[in-house]
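Novice: Build me a structure from this.
(one chain, ligands or ions: 1)
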Amino acid sequence: MKRPQRPAGSTTPRVLIVDDEADLLELLELTLLRMGLEPQRAMTVAAAKKLLAEQWFDLCLTDMRLPDGTGLELVQHIGQHHPQLPVAVITAFGSAENAVAALKAGAFDYLSKPVSLEQLRALIKSALKVPEKASEAAAPRTLLGSSPAIQHVRALLDKLARSQAPVHITGESGSGKELAARLIHERSNRRDKPFVAVNCGAIPENLVESEFFGYKKGAFTGADADREGFFQAANGGTLFLDEVADLPLPMQVKLLRAIQEKRVRKLGATQEDPVDVRIISATHQNLSGLVESGRFRQDLYYRLNVIEVRMPALREMREDIPGMAEAILARLAAQSGVPAPRLSEAAVAALKDYSFPGNVRELENILERALALCPGSEIGREDLYLSVPEAALEDTAREPGAKWPLQEYLDRMEKEAILEALEKTRYNKTAAAKLLGITFRALRYRLERLGID
Ligand SMILES: Nc1ncnc2c1ncn2[C@@H]1O[C@H](COP(=O)(O)OP(=O)(O)OP(=O)(O)O)[C@@H](O)[C@H]1O
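Specialist: Next up, the predicted model:
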(Lines give C-alpha, C1' and ligand atoms only; values in the text may rest on other atoms or scores of the structure.)
Protein backbone atom coordinates (compact mmCIF):
# COMPACT_ATOMS: atom_id res chain seq x y z
CA MET A 1 0.00 0.00 0.00
CA LYS A 2 1.31 3.44 -0.88
CA ARG A 3 1.56 5.61 2.20
CA PRO A 4 0.56 9.27 2.11
CA GLN A 5 3.43 11.73 2.46
CA ARG A 6 3.64 14.93 4.45
CA PRO A 7 2.66 17.74 2.03
CA ALA A 8 5.72 19.72 0.88
CA GLY A 9 6.23 22.97 2.79
CA SER A 10 3.68 22.07 5.47
CA THR A 11 4.88 22.60 9.01
CA THR A 12 1.59 22.52 10.94
CA PRO A 13 1.30 19.13 12.61
CA ARG A 14 -1.92 17.33 11.71
CA VAL A 15 -3.84 15.32 14.25
CA LEU A 16 -6.54 12.78 13.52
CA ILE A 17 -9.16 12.56 16.24
CA VAL A 18 -11.50 9.62 16.20
CA ASP A 19 -14.54 9.92 18.40
CA ASP A 20 -18.30 9.94 18.11
CA GLU A 21 -19.05 12.10 21.15
CA ALA A 22 -19.74 15.62 19.96
CA ASP A 23 -18.69 17.43 23.13
CA LEU A 24 -15.42 15.58 23.50
CA LEU A 25 -14.63 16.12 19.82
CA GLU A 26 -15.19 19.81 20.25
CA LEU A 27 -12.99 19.98 23.31
CA LEU A 28 -10.21 18.10 21.53
CA GLU A 29 -10.50 20.24 18.42
CA LEU A 30 -10.42 23.51 20.33
CA THR A 31 -7.41 22.43 22.35
CA LEU A 32 -5.52 21.34 19.26
CA LEU A 33 -6.34 24.54 17.41
CA ARG A 34 -5.16 26.61 20.34
CA MET A 35 -1.89 24.70 20.33
CA GLY A 36 -1.44 25.67 16.68
CA LEU A 37 -2.19 22.18 15.33
CA GLU A 38 -4.54 21.10 12.59
CA PRO A 39 -7.24 18.68 13.75
CA GLN A 40 -9.17 16.43 11.43
CA ARG A 41 -12.08 14.40 12.74
CA ALA A 42 -13.43 10.93 12.02
CA MET A 43 -16.37 9.41 13.82
CA THR A 44 -15.93 5.75 13.00
CA VAL A 45 -13.11 3.24 12.61
CA ALA A 46 -13.91 2.96 8.91
CA ALA A 47 -13.76 6.72 8.34
CA ALA A 48 -10.48 6.90 10.24
CA LYS A 49 -8.91 4.13 8.16
CA LYS A 50 -10.00 5.89 4.99
CA LEU A 51 -8.48 9.21 6.07
CA LEU A 52 -5.28 7.49 7.14
CA ALA A 53 -4.98 5.95 3.70
CA GLU A 54 -5.45 9.32 2.00
CA GLN A 55 -3.69 11.87 4.16
CA TRP A 56 -0.59 12.39 6.23
CA PHE A 57 -0.99 12.68 10.02
CA ASP A 58 1.46 13.38 12.81
CA LEU A 59 -0.65 12.01 15.64
CA CYS A 60 -3.86 10.06 16.16
CA LEU A 61 -6.09 10.26 19.22
CA THR A 62 -8.85 7.71 19.33
CA ASP A 63 -11.67 6.90 21.66
CA MET A 64 -11.86 3.28 22.75
CA ARG A 65 -15.53 2.79 21.99
CA LEU A 66 -16.65 3.67 18.48
CA PRO A 67 -19.89 2.92 16.65
CA ASP A 68 -18.35 0.36 14.28
CA GLY A 69 -15.53 -1.10 16.36
CA THR A 70 -12.93 -0.30 18.99
CA GLY A 71 -10.01 2.06 19.31
CA LEU A 72 -7.88 -1.00 19.87
CA GLU A 73 -8.62 -2.15 16.36
CA LEU A 74 -7.42 1.20 15.08
CA VAL A 75 -4.25 1.05 17.17
CA GLN A 76 -3.49 -2.34 15.60
CA HIS A 77 -4.29 -1.06 12.11
CA ILE A 78 -1.95 1.90 12.60
CA GLY A 79 0.77 -0.38 13.96
CA GLN A 80 0.58 -2.45 10.76
CA HIS A 81 0.06 0.19 8.12
CA HIS A 82 1.39 3.45 9.55
CA PRO A 83 4.03 2.42 12.08
CA GLN A 84 5.58 5.90 12.19
CA LEU A 85 2.34 7.42 13.50
CA PRO A 86 2.01 7.81 17.27
CA VAL A 87 -1.45 6.90 18.50
CA ALA A 88 -3.02 7.47 21.91
CA VAL A 89 -6.34 6.21 23.18
CA ILE A 90 -9.03 7.78 25.30
CA THR A 91 -10.48 5.27 27.70
CA ALA A 92 -13.62 5.24 29.76
CA PHE A 93 -13.48 6.42 33.32
CA GLY A 94 -11.65 3.92 35.54
CA SER A 95 -11.00 1.39 32.85
CA ALA A 96 -7.46 0.30 33.61
CA GLU A 97 -7.72 -2.89 31.55
CA ASN A 98 -8.50 -0.93 28.43
CA ALA A 99 -5.60 1.41 29.01
CA VAL A 100 -3.25 -1.51 29.48
CA ALA A 101 -4.60 -3.34 26.43
CA ALA A 102 -4.08 -0.25 24.32
CA LEU A 103 -0.50 0.21 25.51
CA LYS A 104 0.16 -3.44 24.73
CA ALA A 105 -1.27 -3.05 21.24
CA GLY A 106 1.19 -0.23 20.57
CA ALA A 107 -0.49 2.96 21.75
CA PHE A 108 2.15 5.31 23.14
CA ASP A 109 -0.10 6.65 25.88
CA TYR A 110 -3.67 6.92 27.06
CA LEU A 111 -5.99 9.50 28.55
CA SER A 112 -8.91 8.61 30.71
CA LYS A 113 -12.25 10.35 30.71
CA PRO A 114 -13.10 12.96 31.75
CA VAL A 115 -10.16 14.22 29.73
CA SER A 116 -8.10 16.75 31.66
CA LEU A 117 -6.85 19.55 29.43
CA GLU A 118 -3.56 19.59 31.26
CA GLN A 119 -2.94 15.91 30.55
CA LEU A 120 -4.14 16.28 26.98
CA ARG A 121 -1.69 19.11 26.32
CA ALA A 122 1.14 17.21 27.99
CA LEU A 123 0.40 14.12 25.91
CA ILE A 124 0.29 16.07 22.66
CA LYS A 125 3.48 17.91 23.49
CA SER A 126 5.34 14.75 24.26
CA ALA A 127 4.07 13.07 21.10
CA LEU A 128 4.82 15.96 18.78
CA LYS A 129 7.54 17.76 20.70
CA VAL A 130 5.61 20.99 20.09
CA PRO A 131 7.24 23.99 21.63
CA GLU A 132 4.88 25.77 24.01
CA LYS A 133 3.40 28.91 22.58
CA ALA A 134 4.92 31.86 24.38
CA SER A 135 1.49 33.21 25.19
CA GLU A 136 0.33 29.95 26.67
CA ALA A 137 2.45 28.47 29.32
CA ALA A 138 5.91 30.00 29.28
CA ALA A 139 4.93 33.18 31.05
CA PRO A 140 1.87 32.87 33.21
CA ARG A 141 -0.35 35.90 33.05
CA THR A 142 -0.41 38.22 35.97
CA LEU A 143 -3.31 38.56 38.36
CA LEU A 144 -5.52 41.33 37.11
CA GLY A 145 -7.31 43.67 39.47
CA SER A 146 -6.47 46.36 41.94
CA SER A 147 -9.11 45.91 44.64
CA PRO A 148 -7.80 45.42 48.18
CA ALA A 149 -8.73 41.71 48.04
CA ILE A 150 -6.56 40.93 45.01
CA GLN A 151 -3.75 43.26 46.09
CA HIS A 152 -3.51 41.30 49.30
CA VAL A 153 -3.24 38.04 47.34
CA ARG A 154 -0.60 39.50 45.05
CA ALA A 155 1.58 40.56 47.97
CA LEU A 156 1.15 37.17 49.61
CA LEU A 157 2.14 35.31 46.42
CA ASP A 158 5.34 37.35 46.18
CA LYS A 159 6.21 36.45 49.72
CA LEU A 160 5.40 32.77 49.19
CA ALA A 161 7.59 32.63 46.09
CA ARG A 162 10.57 33.21 48.37
CA SER A 163 9.71 30.30 50.67
CA GLN A 164 9.61 26.55 50.20
CA ALA A 165 6.61 25.98 52.46
CA PRO A 166 3.63 24.00 51.22
CA VAL A 167 0.81 26.29 50.19
CA HIS A 168 -2.88 25.49 50.10
CA ILE A 169 -5.03 27.66 47.85
CA THR A 170 -8.77 27.87 48.38
CA GLY A 171 -11.40 29.65 46.38
CA GLU A 172 -14.37 29.02 44.17
CA SER A 173 -14.02 27.38 40.79
CA GLY A 174 -12.46 29.70 38.21
CA SER A 175 -11.17 32.16 40.79
CA GLY A 176 -7.54 31.76 39.74
CA LYS A 177 -6.18 29.06 42.06
CA GLU A 178 -4.06 27.45 39.36
CA LEU A 179 -2.89 30.82 38.08
CA ALA A 180 -1.80 31.73 41.61
CA ALA A 181 0.11 28.44 41.93
CA ARG A 182 1.87 29.07 38.61
CA LEU A 183 2.80 32.58 39.66
CA ILE A 184 4.36 31.30 42.89
CA HIS A 185 6.37 28.77 40.89
CA GLU A 186 7.44 31.24 38.20
CA ARG A 187 8.74 33.68 40.78
CA SER A 188 10.47 31.08 42.93
CA ASN A 189 13.97 29.70 42.56
CA ARG A 190 12.37 26.57 41.10
CA ARG A 191 11.28 28.46 38.00
CA ASP A 192 13.70 26.65 35.69
CA LYS A 193 12.34 23.27 36.75
CA PRO A 194 8.93 21.84 35.84
CA PHE A 195 5.57 22.94 37.15
CA VAL A 196 3.36 19.86 37.03
CA ALA A 197 -0.37 20.41 37.51
CA VAL A 198 -2.49 17.41 38.45
CA ASN A 199 -6.27 17.36 38.65
CA CYS A 200 -6.71 14.84 41.44
CA GLY A 201 -10.41 14.41 40.68
CA ALA A 202 -9.81 13.32 37.11
CA ILE A 203 -7.63 10.26 37.76
CA PRO A 204 -9.41 6.92 37.99
CA GLU A 205 -8.99 5.53 41.48
CA ASN A 206 -7.16 2.40 40.40
CA LEU A 207 -4.55 4.37 38.45
CA VAL A 208 -3.84 7.05 41.05
CA GLU A 209 -0.81 5.39 42.57
CA SER A 210 0.93 4.64 39.29
CA GLU A 211 0.16 8.12 38.00
CA PHE A 212 1.69 9.74 41.08
CA PHE A 213 4.67 7.49 41.66
CA GLY A 214 5.26 5.85 38.27
CA TYR A 215 5.93 2.17 37.69
CA LYS A 216 8.70 -0.21 36.73
CA LYS A 217 8.61 -2.35 33.65
CA GLY A 218 6.72 -5.55 34.50
CA ALA A 219 4.97 -4.09 37.56
CA PHE A 220 1.69 -5.26 36.08
CA THR A 221 0.52 -6.82 32.84
CA GLY A 222 1.08 -4.31 30.10
CA ALA A 223 3.75 -2.28 31.88
CA ASP A 224 6.22 -2.71 29.03
CA ALA A 225 8.60 0.03 30.06
CA ASP A 226 9.39 2.14 33.10
CA ARG A 227 7.13 5.14 33.44
CA GLU A 228 7.60 8.23 35.53
CA GLY A 229 4.92 9.54 37.84
CA PHE A 230 4.00 13.12 38.65
CA PHE A 231 6.52 13.24 41.49
CA GLN A 232 9.45 12.28 39.29
CA ALA A 233 8.24 14.63 36.52
CA ALA A 234 8.12 17.55 38.96
CA ASN A 235 11.49 16.80 40.55
CA GLY A 236 13.27 20.04 41.43
CA GLY A 237 10.10 21.98 40.65
CA THR A 238 6.54 22.35 41.86
CA LEU A 239 3.74 19.80 42.00
CA PHE A 240 0.33 21.43 41.92
CA LEU A 241 -2.41 19.19 43.29
CA ASP A 242 -5.71 20.65 42.14
CA GLU A 243 -8.91 19.37 43.76
CA VAL A 244 -6.80 17.58 46.33
CA ALA A 245 -9.95 16.78 48.35
CA ASP A 246 -10.88 14.28 45.64
CA LEU A 247 -7.95 11.98 46.42
CA PRO A 248 -9.15 8.61 47.72
CA LEU A 249 -8.25 8.01 51.37
CA PRO A 250 -5.71 5.21 50.74
CA MET A 251 -3.87 7.54 48.36
CA GLN A 252 -3.90 10.29 50.97
CA VAL A 253 -1.84 8.03 53.24
CA LYS A 254 0.70 7.38 50.48
CA LEU A 255 0.89 11.03 49.55
CA LEU A 256 1.53 12.03 53.15
CA ARG A 257 4.32 9.51 53.35
CA ALA A 258 5.93 10.73 50.14
CA ILE A 259 5.80 14.33 51.37
CA GLN A 260 7.20 13.49 54.78
CA GLU A 261 9.97 11.21 53.59
CA LYS A 262 10.70 13.14 50.42
CA ARG A 263 11.04 9.76 48.73
CA VAL A 264 8.80 7.78 46.41
CA ARG A 265 8.69 4.19 45.33
CA LYS A 266 7.62 3.32 41.80
CA LEU A 267 5.09 0.52 41.55
CA GLY A 268 7.04 -2.71 41.24
CA ALA A 269 10.30 -1.16 42.47
CA THR A 270 12.18 -2.38 45.50
CA GLN A 271 13.91 0.83 46.40
CA GLU A 272 12.67 4.35 47.06
CA ASP A 273 14.10 7.32 45.21
CA PRO A 274 14.57 10.77 46.68
CA VAL A 275 12.43 13.54 45.19
CA ASP A 276 12.52 17.25 45.78
CA VAL A 277 9.19 18.87 44.99
CA ARG A 278 7.36 21.81 46.43
CA ILE A 279 3.72 20.98 46.94
CA ILE A 280 1.01 23.51 46.23
CA SER A 281 -2.51 22.17 46.64
CA ALA A 282 -5.92 23.64 45.95
CA THR A 283 -9.56 22.89 46.38
CA HIS A 284 -12.85 24.72 46.10
CA GLN A 285 -14.21 22.63 48.96
CA ASN A 286 -13.97 23.29 52.66
CA LEU A 287 -11.07 21.02 53.52
CA SER A 288 -11.31 21.45 57.29
CA GLY A 289 -14.99 20.46 57.04
CA LEU A 290 -13.95 17.34 55.13
CA VAL A 291 -11.43 16.57 57.87
CA GLU A 292 -14.19 16.81 60.45
CA SER A 293 -16.44 14.47 58.51
CA GLY A 294 -13.59 11.98 58.10
CA ARG A 295 -13.26 12.33 54.34
CA PHE A 296 -9.85 13.97 54.43
CA ARG A 297 -6.97 12.92 56.65
CA GLN A 298 -6.11 15.41 59.31
CA ASP A 299 -2.37 14.68 59.23
CA LEU A 300 -2.25 15.33 55.49
CA TYR A 301 -4.34 18.46 55.94
CA TYR A 302 -1.76 19.88 58.37
CA ARG A 303 1.06 19.00 55.99
CA LEU A 304 -0.56 20.69 53.00
CA ASN A 305 -2.14 23.64 54.70
CA VAL A 306 0.97 25.22 56.17
CA ILE A 307 0.10 28.52 54.52
CA GLU A 308 -3.32 29.24 53.10
CA VAL A 309 -4.11 31.59 50.27
CA ARG A 310 -7.73 32.41 49.65
CA MET A 311 -8.62 33.57 46.16
CA PRO A 312 -11.46 36.08 46.27
CA ALA A 313 -14.60 35.41 44.24
CA LEU A 314 -15.09 37.84 41.39
CA ARG A 315 -18.20 39.28 43.02
CA GLU A 316 -16.03 40.29 46.00
CA MET A 317 -14.06 42.55 43.69
CA ARG A 318 -16.80 44.12 41.63
CA GLU A 319 -14.89 47.35 41.19
CA ASP A 320 -12.28 45.38 39.22
CA ILE A 321 -14.76 43.91 36.75
CA PRO A 322 -14.68 46.69 34.13
CA GLY A 323 -10.89 46.88 34.04
CA MET A 324 -10.49 43.09 34.00
CA ALA A 325 -13.08 42.75 31.24
CA GLU A 326 -11.23 45.26 29.11
CA ALA A 327 -7.85 43.60 29.65
CA ILE A 328 -9.22 40.13 28.91
CA LEU A 329 -11.03 41.37 25.81
CA ALA A 330 -7.83 42.99 24.55
CA ARG A 331 -5.92 39.74 25.04
CA LEU A 332 -8.60 37.60 23.37
CA ALA A 333 -8.84 39.97 20.42
CA ALA A 334 -5.06 40.02 19.99
CA GLN A 335 -5.02 36.21 20.03
CA SER A 336 -7.59 36.08 17.24
CA GLY A 337 -5.86 38.89 15.36
CA VAL A 338 -8.86 41.24 15.42
CA PRO A 339 -9.15 44.75 16.86
CA ALA A 340 -10.60 44.74 20.38
CA PRO A 341 -14.24 45.85 20.43
CA ARG A 342 -15.48 48.27 23.11
CA LEU A 343 -17.97 47.27 25.80
CA SER A 344 -21.07 49.44 25.84
CA GLU A 345 -21.97 51.21 29.06
CA ALA A 346 -24.97 48.93 29.50
CA ALA A 347 -22.75 45.88 29.02
CA VAL A 348 -20.30 47.07 31.68
CA ALA A 349 -23.18 47.77 34.07
CA ALA A 350 -24.64 44.31 33.46
CA LEU A 351 -21.28 42.67 34.11
CA LYS A 352 -20.88 44.61 37.33
CA ASP A 353 -24.30 43.40 38.48
CA TYR A 354 -23.81 39.79 37.52
CA SER A 355 -22.97 37.23 40.23
CA PHE A 356 -20.34 35.20 38.31
CA PRO A 357 -20.69 31.77 39.88
CA GLY A 358 -17.82 30.68 37.59
CA ASN A 359 -15.65 33.70 38.48
CA VAL A 360 -12.89 34.94 36.16
CA ARG A 361 -13.14 31.84 34.01
CA GLU A 362 -16.79 32.63 33.40
CA LEU A 363 -15.95 36.24 32.60
CA GLU A 364 -13.38 34.99 30.07
CA ASN A 365 -15.93 32.62 28.53
CA ILE A 366 -18.61 35.30 28.32
CA LEU A 367 -16.20 37.67 26.58
CA GLU A 368 -14.84 34.98 24.27
CA ARG A 369 -18.36 34.14 23.13
CA ALA A 370 -19.30 37.81 22.75
CA LEU A 371 -16.17 38.43 20.69
CA ALA A 372 -16.99 35.50 18.43
CA LEU A 373 -20.64 36.40 17.96
CA CYS A 374 -20.63 40.20 17.95
CA PRO A 375 -19.98 41.51 14.46
CA GLY A 376 -19.50 45.22 15.27
CA SER A 377 -16.99 47.30 17.17
CA GLU A 378 -19.12 47.50 20.30
CA ILE A 379 -20.29 44.66 22.52
CA GLY A 380 -23.76 45.35 23.86
CA ARG A 381 -25.53 43.97 26.90
CA GLU A 382 -27.40 41.42 24.78
CA ASP A 383 -24.16 40.05 23.28
CA LEU A 384 -23.12 38.88 26.74
CA TYR A 385 -25.99 36.39 27.14
CA LEU A 386 -25.86 36.64 30.92
CA SER A 387 -28.08 34.11 32.64
CA VAL A 388 -31.25 35.07 34.48
CA PRO A 389 -30.56 37.42 37.36
CA GLU A 390 -30.72 35.59 40.65
CA ALA A 391 -33.38 37.99 41.90
CA ALA A 392 -35.82 36.44 39.42
CA LEU A 393 -35.22 32.99 40.85
CA GLU A 394 -35.51 34.30 44.38
CA ASP A 395 -38.88 35.80 43.54
CA THR A 396 -40.42 32.43 42.74
CA ALA A 397 -38.85 31.04 45.88
CA ARG A 398 -40.44 33.78 47.93
CA GLU A 399 -43.98 32.57 47.14
CA PRO A 400 -45.50 31.10 50.29
CA GLY A 401 -45.18 27.36 50.43
CA ALA A 402 -42.63 27.23 47.60
CA LYS A 403 -39.82 26.14 49.90
CA TRP A 404 -41.35 23.03 51.32
CA PRO A 405 -41.13 20.14 51.34
CA LEU A 406 -37.52 21.19 51.69
CA GLN A 407 -36.01 18.29 49.74
CA GLU A 408 -38.17 19.01 46.71
CA TYR A 409 -37.29 22.67 46.82
CA LEU A 410 -33.56 21.93 47.09
CA ASP A 411 -33.78 19.40 44.26
CA ARG A 412 -35.49 21.99 42.09
CA MET A 413 -32.78 24.56 42.74
CA GLU A 414 -30.07 22.01 42.14
CA LYS A 415 -31.64 20.89 38.90
CA GLU A 416 -31.97 24.46 37.73
CA ALA A 417 -28.33 25.23 38.48
CA ILE A 418 -27.15 22.07 36.72
CA LEU A 419 -29.30 22.63 33.64
CA GLU A 420 -28.09 26.21 33.42
CA ALA A 421 -24.47 25.12 33.64
CA LEU A 422 -25.03 22.43 31.00
CA GLU A 423 -26.69 24.90 28.70
CA LYS A 424 -23.91 27.41 29.17
CA THR A 425 -21.25 24.86 28.34
CA ARG A 426 -23.24 23.45 25.44
CA TYR A 427 -23.77 20.20 27.31
CA ASN A 428 -20.10 19.58 27.91
CA LYS A 429 -20.28 17.78 31.24
CA THR A 430 -16.64 18.31 32.15
CA ALA A 431 -16.95 22.06 31.65
CA ALA A 432 -20.33 22.17 33.39
CA ALA A 433 -18.89 20.43 36.44
CA LYS A 434 -16.09 23.02 36.53
CA LEU A 435 -18.55 25.85 36.29
CA LEU A 436 -20.64 24.38 39.08
CA GLY A 437 -17.54 23.91 41.17
CA ILE A 438 -18.06 20.18 41.64
CA THR A 439 -16.16 17.19 40.34
CA PHE A 440 -17.18 15.35 37.23
CA ARG A 441 -18.00 12.38 39.42
CA ALA A 442 -20.24 14.49 41.62
CA LEU A 443 -22.04 15.90 38.59
CA ARG A 444 -22.62 12.45 37.15
CA TYR A 445 -24.03 11.29 40.46
CA ARG A 446 -26.36 14.30 40.66
CA LEU A 447 -27.56 13.88 37.07
CA GLU A 448 -28.52 10.34 37.91
CA ARG A 449 -30.17 11.27 41.17
CA LEU A 450 -32.21 14.06 39.64
CA GLY A 451 -33.10 11.98 36.63
CA ILE A 452 -31.56 14.40 34.12
CA ASP A 453 -30.79 12.58 30.94
N1 LIG B 1 -7.19 37.74 38.93
C2 LIG B 1 -7.09 37.20 37.70
N3 LIG B 1 -6.54 37.91 36.69
C4 LIG B 1 -6.45 37.39 35.45
N5 LIG B 1 -6.89 36.19 35.10
C6 LIG B 1 -7.43 35.43 36.05
C7 LIG B 1 -7.58 35.88 37.40
N8 LIG B 1 -8.16 34.92 38.11
C9 LIG B 1 -8.40 33.91 37.26
N10 LIG B 1 -7.95 34.20 36.02
C11 LIG B 1 -8.09 33.38 34.81
O12 LIG B 1 -9.30 32.65 34.93
C13 LIG B 1 -9.17 31.33 34.43
C14 LIG B 1 -9.45 30.34 35.53
O15 LIG B 1 -8.41 30.40 36.49
P16 LIG B 1 -7.81 29.10 37.18
O17 LIG B 1 -7.81 27.93 36.25
O18 LIG B 1 -6.52 29.48 37.81
O19 LIG B 1 -8.95 28.90 38.28
P20 LIG B 1 -9.10 27.75 39.36
O21 LIG B 1 -9.52 28.43 40.60
O22 LIG B 1 -7.86 26.92 39.41
O23 LIG B 1 -10.31 26.94 38.77
P24 LIG B 1 -10.77 25.41 39.10
O25 LIG B 1 -11.09 25.37 40.56
O26 LIG B 1 -12.00 25.28 38.28
O27 LIG B 1 -9.65 24.52 38.70
C28 LIG B 1 -7.74 31.22 33.90
O29 LIG B 1 -7.75 31.49 32.51
C30 LIG B 1 -7.01 32.31 34.66
O31 LIG B 1 -5.91 32.78 33.93
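
Novice: Hmm, residue 443 is touching residue 431, no?
Specialist: No: with contacts counted by Cβ atoms under 8 Å, residue 443 stays clear of residue 431, the gap being 10.3 Å. The way it works is simple: take the backbone N, C-alpha and C, and place the C-beta from them, glycine included.

Novice: The stretch 301-450 of the chain: helices as residue ranges?
Specialist: Shown for the stretch 301-450 of the chain, the helices assigned by DSSP state H, counting those that start in this stretch span residues 321-336, 345-353, 359-373, 390-398, 406-424, 429-436, 440-450.

Novice: So, low pLDDT: which residues of this protein?
Specialist: Low-confidence regions of the chain, defined by pLDDT under 70, span residues 1-3, 7-10, 93-96, 129-140, 388-405, 407.

Novice: Which positions in it make contact with the ligand?
Specialist: Contact residues, the chain versus the ligand (Cβ under 6 Å from any ligand atom): 141, 143-145, 150, 171, 173-179, 242, 284, 360-361, 364, 434.

Novice: Buried subset of these as a ChimeraX selection?
Specialist: In ChimeraX, this line selects whichever of the residues of the chain next to the ligand come out buried by 16 or more other Cβ atoms under 10 Å:
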select :143,144,145,150,171,173,174,175,176,177,178,179,242,284,360,361,364,434
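
Novice: ok so, going back, deepest-packed of the helices of the stretch 301-450 of the chain, please.
Specialist: helix 429-436 (a mean of 23; mean count of other Cβ atoms under 10 Å).

Novice: which outside residues touch that one?
Specialist: Contacts made with helix 429-436 from outside it, assessed by Cβ atoms under 8 Å, 6 or more residues apart in numbering, are listed as 23, 27, 114-115, 173-174, 357-358, 361-362, 417-418, 421-422, 424-425, 439-440, 442-444, 447.

Novice: now stretch 216-229
Specialist: Here stretch 216-229 makes contact (Cβ under 8 Å, 6+ apart) with 99-101, 103-104, 210-215, 264, 266-269.

Novice: coming back round to it: please produce CSV containing the helices of the stretch 301-450 of the chain, extended by distance to residue 60.
Specialist: As requested, the helices of the stretch 301-450 of the chain are exported to CSV (distance: least, Cβ to Cβ, whole Å):
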stretch, distance to residue 60
helix 321-336, 27
helix 345-353, 42
helix 359-373, 28
helix 390-398, 45
helix 406-424, 30
helix 429-436, 22
helix 440-450, 25
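
Novice: Out of those helices, which is closest to residue 85?
Specialist: When those are ranked by proximity to residue 85, the top entry is helix 429-436, at 27.0 Å, counting by Cβ to Cβ.

Novice: Now find how far off-centre that closest one is within its chain.
Specialist: 10 Å (Cα atoms, centre = their mean, to the nearest Å).

Novice: now do stretch 254-265
Specialist: For stretch 254-265, the distance to the chain centre is 25 Å (Cα atoms, centre = their mean).

Novice: ok, and for it, which residues are buried?
Specialist: 254-256, 258-259, 264-265.

Novice: For residue 68, grab the count of nearby residues.
Specialist: By other Cβ atoms under 10 Å, the residues close to residue 68 number 12.

Novice: distance of the residue lying closest to residue 278 once chain neighbours are set aside from residue 47?
Specialist: Nearest-residue entry for residue 278: residue 238, 4.7 Å, with adjacent residues in sequence omitted and distances by Cβ to Cβ, 6 or more residues apart in numbering. Separation of residue 238 from residue 47 (Cβ to Cβ, to the nearest Å) stands at 42 Å.

Novice: Comparing the two, which shows the higher neighbour count?
Specialist: Neighbours were counted for residue 238 and for residue 47 using other Cβ under 10 Å; residue 238 has more, 23 against 17.

Novice: Isn't the more buried one up against residue 198?
Specialist: No: under the criterion of Cβ under 8 Å, residue 238 is not in contact with residue 198, lying 11.1 Å apart.

Novice: In contact with residue 371, which residues?
Specialist: By Cβ under 8 Å, 6+ apart, residue 371 lies in contact with 329, 332-333, 336, 338, 341, 379.

Novice: Now flag whichever of the residues you listed is closest to residue 296.
Specialist: For residue 296, the nearest member of those is residue 332. The distance, counting by Cβ to Cβ, is 37.2 Å.

Novice: isn't that closest one right up against residue 369?
Specialist: No: between residue 332 and residue 369 there is no contact under Cβ under 8 Å: 10.2 Å.

Novice: on that earlier part again, just the ones of the contacts of stretch 216-229 in helices?
Specialist: Using DSSP state H, 99-101, 103-104, 210-213 are the members of those that sit in helices.

Novice: Now distance to residue 39 and neighbour count too, for these, in CSV please.
Specialist: Conversion of the ones in helices among the contacts of stretch 216-229 to CSV gives the following (distance: Cβ to Cβ, whole Å; neighbours: other Cβ atoms under 10 Å):
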residue, distance to residue 39, neighbour count
99, 23, 24
100, 27, 18
101, 25, 21
103, 23, 20
104, 27, 14
210, 29, 19
211, 26, 20
212, 30, 23
213, 33, 24
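
Novice: what's the closest of those residues to residue 166?
Specialist: residue 212 (16.0 Å).

Novice: Might one say that residue 168 is in contact with residue 308?
Specialist: Yes: taking Cβ under 8 Å as the contact criterion, residue 168 and residue 308 are neighbours in contact, 5.1 Å apart.

Novice: Neighbour count: these two, which is higher?
Specialist: Using other Cβ under 10 Å, the more surrounded residue of residue 168 and residue 308 is residue 168, with 22 against 13.

Novice: quick check, the more buried one in a helix?
Specialist: No: note on residue 168: no helix contains this position according to DSSP: H, G, I helix; E, B strand; the rest coil, which reports strand.

Novice: In contact with it: list those residues for me.
Specialist: For residue 168, the residues meeting the contact criterion (Cβ under 8 Å, 6+ apart) are 244, 280-283, 287, 304-309.

Novice: do residue 194 as well
Specialist: Counting by Cβ under 8 Å, 6+ apart, residue 194 makes contact with 233-238.

Novice: can we see that at 10 Å?
Specialist: Taking Cβ atoms under 10 Å, 6 or more residues apart in numbering as the criterion, residue 194 is in contact with 185, 230, 233-239, 277.

Novice: nearest to the ligand, of these?
Specialist: Minimum separation from the ligand among these (Cβ to the nearest ligand atom) is found for residue 185, which lies at 12.7 Å.

Novice: Can you verify that closest one is assigned to a helix?
Specialist: Yes: according to three-state DSSP, residue 185 belongs to a helix.

Novice: Tell me how far it lies from residue 345.
Specialist: Between residue 185 and residue 345 the computed distance is 39 Å (Cβ to Cβ).

Novice: Counting neighbours, what do you get for residue 343?
Specialist: A count of nearby residues for residue 343, using other Cβ under 10 Å, gives 23.
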